[in-house]
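**Student:** Generate coordinates for the sequence data below:
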Amino acid sequence: MASVVVDEHAFKHGLDEEEIRFAWDHFVRLVHRGSPDEGQILAVGWGFTGRLIQLVAVERPFGVLIYHAMTPPTHNALRELGLKWR
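**Tutor:** Take a look at the predicted model:
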């Protein structure tokens, strides 16, 4: 199993490491982005408080580095994940 590391920048929007890791482990939808954001992983997952959390990560040799987390997810992120239309 790959290691998951949460970068300190991911705490910018007030989520803590435990909830970010929980959301990553309980993702609803995950996509590997194409150009121009190739290499990024966009996901949304449930936090343990029931909030839907948007996550952006990259794969590294050690595993996954989550560097962005916020709630609620943006409309654009939900659209990119196929969870919102129009």
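**Student:** Can I get the helix or strand containing Ala43 in CSV, CA atoms only?
**Tutor:** Element membership for Ala43, per DSSP states H and E: strand 40-46. Only the C-alpha atoms of strand 40-46 are listed here, as CSV (Å, rounded to 0.1, in the frame of the first residue of the first chain):
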residue,chain,number,x,y,z
GLN,A,40,-2.6,15.8,-10.5
ILE,A,41,-5.3,13.7,-8.9
LEU,A,42,-8.6,15.4,-8.2
ALA,A,43,-10.9,13.7,-5.7
VAL,A,44,-13.9,14.3,-3.4
GLY,A,45,-14.5,12.3,-0.4
TRP,A,46,-16.5,12.2,2.8
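**Student:** Strand 40-46 and the next helix or strand after it, what's the angle between them?
**Tutor:** Using DSSP H and E, the helix or strand that follows strand 40-46 in sequence is strand 52-60. Counting by axes from the mean of the first three to the mean of the last three CA atoms, to 10 degrees, strand 52-60 lies at 150 degrees to strand 40-46.
**Student:** how distant is whatever helix or strand comes next after strand 52-60 from the center of its chain?
**Tutor:** Later in the chain than strand 52-60, the nearest helix or strand by DSSP H and E is strand 63-70. Here the centre of strand 63-70 is set off from its chain's centre by 6 Å, with CA atoms, centre = their mean, to the nearest Å.
**Student:** If you count neighbours, what's buried in strand 63-70?
**Tutor:** Val64, Leu65, Ile66, Tyr67, His68, Ala69, Met70 (16 or more other CB atoms under 10 Å). All C-beta atoms are positioned from the backbone trio N, CA, C, and that covers glycine.
**Student:** Which other helices and strands does it contact?
**Tutor:** On a contact count with 3 or more CB pairs under 8 Å, 6 or more residues apart in numbering; DSSP states H and E, strand 63-70 meets strand 3-6, helix 17-25, strand 52-60.
**Student:** closest one to Gly34 among those?
**Tutor:** Ranking the helices and strands packed on strand 63-70 by proximity to Gly34 (CB to CB) places strand 52-60 first, at 14.0 Å.
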